[in-house]
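J.: sharing a sequence plus its predicted fold:
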Amino acid sequence: MKKHKNLILAGALAALAVPAVALAGYTSLHGVIISGDEAQGTVVGARNAPDRMQYISCIDGDYAYCIARDAKGTVQSCYTLDDHQRAVIRSVTSNSYIQFTSGDDGTCEHLFVRNGSQHLE
């Protein structure tokens, strides 16, 4: 009976491993999308965009800011002095997906960065 349970457990673990293998090499290279006061996209997706106009980046200096330009030439940006948002901005790398929302006064109301291998070339 113990051997039977071990076979069932081994089969279940193998079945759980299949989705991880199936997703190996998954890519998500979004170009820049600007809608109203929100901008989003991946660093690599913007860099590799065929229109050569797109970019998205965040920089931390005296104050921190994010800026993006889409294929139509629309530009959106926001800035922040908030320590938490600045830490998020410092986490941006070449494998980042960035999303931000600019408030009426230009400050970053929402700032989200996700890093992952799916955002690499």
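T.: Done, it's in.

J.: mind listing what the spatially most central residue of the chain touches?
T.: Nearest to the mean C-alpha position of the chain, by C-alpha atoms, centre = their mean, lies Tyr97 at 1.5 Å. Taking C-beta atoms under 8 Å, 6 or more residues apart in numbering, we find Tyr97 in contact with 28, 30, 40-42, 113-116, 119. Heads up, the C-betas are built off the backbone N, CA and C, glycines and all.

J.: closest one of the residues you listed to Ala64?
T.: Proximity of the contacts of Tyr97 to Ala64 was ranked by C-beta to C-beta; the top entry is Val113 with 11.8 Å.

J.: does that closest one touch Ser57 like I think?
T.: No: checked against C-beta atoms under 8 Å, the pair Val113 and Ser57 is beyond contact range at 11.2 Å.

J.: tell me which element the closest residue to Asp82 other than its chain neighbours is part of?
T.: Excluding its sequence neighbours, the residue lying closest to Asp82 (C-beta to C-beta, 6 or more residues apart in numbering) is Cys108, at 7.5 Å. Assigned by DSSP states H and E, Cys108 falls within strand 108-115.

J.: with Ala46 instead?
T.: Here Ala46 sits within helix 43-47, counting by DSSP H and E.

J.: let me see the mean pLDDT of stretch 47-56.
T.: When pLDDT is averaged along stretch 47-56, the result is 86.

J.: what does it contact?
T.: Counting by C-beta under 8 Å, 6+ apart, 29, 31-32, 39-43, 45-46, 66-71, 73, 98, 121 sit against stretch 47-56.

J.: thank you kindly, that will do.
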